[in-house]
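Engineer: Quick one, fold the following:
(chains A and B)
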Amino acid sequence: MSIRSSHPRPPGTRASSTRARLLMAHREALILLRGRASWATLLALGAVAWLPVLLVPLRAGRLGVAAFDQVTPLMLALGGLVLPLVSLLIGTDVLAGEIEDSTLKQVVTLPISRDACLLGKALARAGLFGATYLLTFTSAGVMVALVQGREGVTDFAAVTLSGLLLCLVCGGIGSWLGVVGRGRVRAYGAALVTWLLLAIALDAMLLAVVIARAPAAPESIGRHGHDELTVPAARAPSHQRAPSANSASNTDADPHARAGGDVAALPTAPFPWLLLLDPIDLYRLSALTAGPGLGARLHLGLPDEGRRTRMLPLIVGWLLWLVVPAILAIHRLRRAPL
Amino acid sequence: MSARPLLLFEAVWRRFGTLVAVRDLSLAVDSGSITCLVGPNGAGKSTLLALAAGLLAPSSGRVMVGGSQVRPATAPAATGYLPQRSAFASALRVREILDFTLAARAAGPAARDEMLAATGLEAVLGRAAGTLSGGWLRRLGLACALVPPAALLLLDEPFVGLDPGTLDHLIEHLQQRAAEGATVVVSSHDFSVIDQLAARVAVLDEGVLAAAPSAVTHSRALYRAVLSARADPVPQTAALDAHHPQGKPSNRGAHPR
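Structural biologist: Numbers count the residues shown, from 1 in each chain, chains lettered A, B, ... in the order given. Below is the predicted model of the structure:
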């Protein structure tokens, strides 16, 4: 592959933004395709996509392929931990390495703006990562559909697409950390801390807030004998139960809960705005909202009639999480000494 | 030679934390000239070139290229820059790096041939940058910096690590580019090459322009005289005047702002 000049732009002038981005994207793609990081990414994504498919039957002591209703909840949980870590590290690598190795100097002193440099690199990373992601997840989905049938494929698709959005968000955060970090070690350290913050600390804190403020759940929770993601009211500590006034009014207002729904009525809790603070929660909520069967299986009691209402904050949340880190990264790179 | 300065530093300061690398420096580099920055290690030569290339922003003051202020977000379009240490993405082949540079500058095949002839990179076009020796990396860096039609060439220690043949080619090439109207600014410690280039010489010391650019025949003598005069101003003045009839040491910015 080679990059050739083949257009009539007057020599010595700045390349158009689109052309400069494409040049950078091509350069980045060449680097990525020859690097070991691409194989590591394939391996990590393959693990998230295929392990649930293959491990569930192993629990029963046989080799085989699990059905979508078994695969998807496991994939949702595994993806919430692994995908942010992988994409944060990949995002950090967009600039941290080139800044530390001084290879970026050769690029930014050409008629290519720093914005175009970052966007071109991010475009190539997102494209190659997205292709790898879709390849691994689609292959796993096709295998499950062929062996076990297509029931539950919507939920699988919802988890897959939400996971892809989560990866793009974390990649954006990573690229910002890569500029701020000033060197590989510090940038990767910051990425790990961010992952711990998002995947564990913030996630646990928000979950605690949601549970504490959620209305009391009906006693029927757990009747299916499955593992629940939420805390049953009967077993929850008293401080985690909602204030009685709110609880009563919320339960009254929610026909699903009144009818003895499966769990605390999340739509009347701080959901969804508070949970939008953490992209990992955003990922879970998007998957649960877009895949109604998944919510039912997990006994989250997300009624169908509320889906459209929940979509708006989710879309707003994704847009903010996608745009803000990218703007921060561009802003920082513009002023960064190289 | 045109009298209009292509590169202009106006009261530029650059600090790195508590270290002051450039102090209140004002300098005009005429279009179509070859200017050599000389000075001891840490004098601020590389910082000055990085400021002109838009890699660094001045802490205060202005850097202008062709009448426009240099800003890091968008480096001057017609500038070729060679850093002190040439570094390239190790996975890329020499051919790909050159093609990328040519495409970014919208330079045609003629420019490619010109660069290959000046640097002799033909022999390593298919090799990955990560496998090149220091000398080849230097040549590749030069090829990228010199790709026409860069009107301002900022070359930081360009003569280090080059064999005599390549060095002769480079000197010839720089003189030709200057004759065609390009402005060349070079930092170097190699006084014999500087004299061969017939460049205007500016002396930097501790971030200060100790001697403004002027044409000299013996750059080493000027350098020694200027530094001696700065160390011991009174007795060396006569010696400095003898070597440096047009330029004189600038006022030293004694205290950072």
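Engineer: Any buried residues in stretch A:45-61, and which?
Structural biologist: A:45-46, A:48-53, A:56 (16 or more other CB atoms under 10 Å in any protein chain shown). C-beta: built from backbone N, CA, C; applies to glycine.
Engineer: no, scratch that, I was asking about stretch A:187-196
Structural biologist: Under 16+ other CB under 10 Å, the buried positions of stretch A:187-196 are A:187-188, A:190-191, A:194-195.
Engineer: tell me which of these is nearest to residue A:207?
Structural biologist: residue A:195 (16.9 Å; CB to CB).
Engineer: Pretty sure that closest one sits against residue A:83.
Structural biologist: No - contact between residue A:195 and residue A:83 fails when scored by CB atoms under 8 Å: they sit 10.3 Å apart.
Engineer: tell me which helix or strand of the chain sits lowest on mean pLDDT?
Structural biologist: Chain wasn't specified; assuming chain A. helix A:244-253 (a mean of 38; mean pLDDT, DSSP states H and E).
Engineer: Can you add distance to residue B:129 and pLDDT and give the buried residues of stretch A:45-61 back as JSON lines?
Structural biologist: Formatted as JSON lines, those follow (distance: CB to CB, whole Å; pLDDT from 0 to 100):
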{"residue": "A:45", "distance to residue B:129": "29", "pLDDT": "92"}
{"residue": "A:46", "distance to residue B:129": "31", "pLDDT": "92"}
{"residue": "A:48", "distance to residue B:129": "34", "pLDDT": "90"}
{"residue": "A:49", "distance to residue B:129": "35", "pLDDT": "92"}
{"residue": "A:50", "distance to residue B:129": "36", "pLDDT": "92"}
{"residue": "A:51", "distance to residue B:129": "38", "pLDDT": "91"}
{"residue": "A:52", "distance to residue B:129": "41", "pLDDT": "90"}
{"residue": "A:53", "distance to residue B:129": "41", "pLDDT": "91"}
{"residue": "A:56", "distance to residue B:129": "47", "pLDDT": "85"}
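Engineer: Now flag whichever of those residues is closest to chain B.
Structural biologist: Minimum separation from chain B among these (CB to the nearest CB) is found for residue A:45, which lies at 21.3 Å.
Engineer: so how far is residue A:82 from the closest residue to the closest one other than its chain neighbours?
Structural biologist: Leaving aside its chain neighbours, residue A:45 sits nearest to residue A:136 (4.5 Å; criterion: CB to CB, 6 or more residues apart in numbering or on different chains). According to CB to CB, to the nearest Å, residue A:136 and residue A:82 sit 12 Å apart.
Engineer: next one: residue A:53
Structural biologist: 15 Å.
Engineer: before we move on, what about residue B:111?
Structural biologist: For residue B:111, the distance to residue A:82 - CB to CB - is 47 Å.
Engineer: Which residue of these two possesses the greater neighbour count?
Structural biologist: Neighbour count, other CB atoms under 10 Å in any protein chain shown: between residue B:111 and residue A:82, residue B:111 has more, with 20 against 17.
Engineer: backbone phi and psi for that one, please?
Structural biologist: Torsion angles at residue B:111 (phi, psi; degrees, to the nearest 10) stand at phi -60, psi -40.
Engineer: Surely it and residue B:102 touch.
Structural biologist: Yes - between residue B:111 and residue B:102 there is a contact under CB under 8 Å: 6.1 Å.
Engineer: any idea of the mean pLDDT for stretch B:217-235?
Structural biologist: Averaged over stretch B:217-235, pLDDT sits at 75.
Engineer: can I get the CA coordinates of that stretch in PDB?
Structural biologist: This file holds the C-alpha atoms of stretch B:217-235, laid out as PDB (Å, rounded to 0.1, in the frame of the first residue of the first chain):
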ATOM      1  CA  THR B 217      33.900  33.700   6.900                       C
ATOM      2  CA  HIS B 218      35.200  32.100  10.100                       C
ATOM      3  CA  SER B 219      32.200  31.100  12.200                       C
ATOM      4  CA  ARG B 220      34.300  29.400  14.800                       C
ATOM      5  CA  ALA B 221      36.200  32.600  15.500                       C
ATOM      6  CA  LEU B 222      33.000  34.600  15.800                       C
ATOM      7  CA  TYR B 223      31.500  32.000  18.200                       C
ATOM      8  CA  ARG B 224      34.600  32.100  20.400                       C
ATOM      9  CA  ALA B 225      34.800  35.800  20.400                       C
ATOM     10  CA  VAL B 226      31.200  36.300  21.200                       C
ATOM     11  CA  LEU B 227      31.200  33.800  24.100                       C
ATOM     12  CA  SER B 228      34.400  35.300  25.500                       C
ATOM     13  CA  ALA B 229      33.000  38.800  25.200                       C
ATOM     14  CA  ARG B 230      29.900  37.600  27.200                       C
ATOM     15  CA  ALA B 231      32.100  36.000  29.800                       C
ATOM     16  CA  ASP B 232      34.400  39.000  30.100                       C
ATOM     17  CA  PRO B 233      32.900  41.900  28.200                       C
ATOM     18  CA  VAL B 234      35.600  44.600  28.300                       C
ATOM     19  CA  PRO B 235      38.800  43.000  27.000                       C
END
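Engineer: rewinding a little: cross the buried residues of stretch A:187-196 against helices and list the overlap.
Structural biologist: A:187-188, A:190-191, A:194-195 (DSSP state H).
Engineer: Looking at these, spot the one nearest residue A:276.
Structural biologist: For those, the nearest to residue A:276 is residue A:194 (17.0 Å; CB to CB).
Engineer: what's residue 148 in contact with, if anything?
Structural biologist: Reading this off chain A. Shown in contact with residue A:148 (CB atoms under 8 Å, 6 or more residues apart in numbering or on different chains): A:65-68.
Engineer: actually chain B
Structural biologist: A:11, B:105, B:107, B:111, B:114.
Engineer: Please repeat the previous calculation with a cut-off of 6 Å.
Structural biologist: Shown in contact with residue B:148 (CB atoms under 6 Å, 6 or more residues apart in numbering or on different chains): B:107, B:111.
Engineer: now swap in residue B:40 and tell me
Structural biologist: Taking CB under 6 Å, 6+ apart, one finds nothing in contact with residue B:40.
Engineer: burial of residue A:174, as a residue count?
Structural biologist: Residue A:174: 32 neighbours (other CB under 10 Å).
Engineer: element containing it?
Structural biologist: helix A:153-180 (DSSP states H and E).
Engineer: pLDDT weak spots in the stretch 1-150 of chain A?
Structural biologist: A:1-15 (pLDDT under 70).
Engineer: the helices in it, which residues?
Structural biologist: A:17-33, A:36-59, A:68-93, A:96-100, A:103-108, A:114-148 (DSSP state H, counting those that start in this stretch).
Engineer: Which one, of these, ends up nearest to residue B:83?
Structural biologist: So among the helices of the stretch 1-150 of chain A, helix A:103-108 is nearest, using CB to CB, at 5.1 Å.
Engineer: got the phi/psi numbers for whichever residue of the stretch 151-257 of chain B sits closest to chain A?
Structural biologist: Closest to chain A within the stretch 151-257 of chain B is residue B:151: 6.6 Å, counting by CB to the nearest CB. Geometry field for residue B:151 lists phi and psi as phi -90, psi -20, criterion degrees, to the nearest 10.
Engineer: which SS class is residue B:43?
Structural biologist: Following DSSP: H, G, I helix; E, B strand; the rest coil, residue B:43 is assigned to coil.
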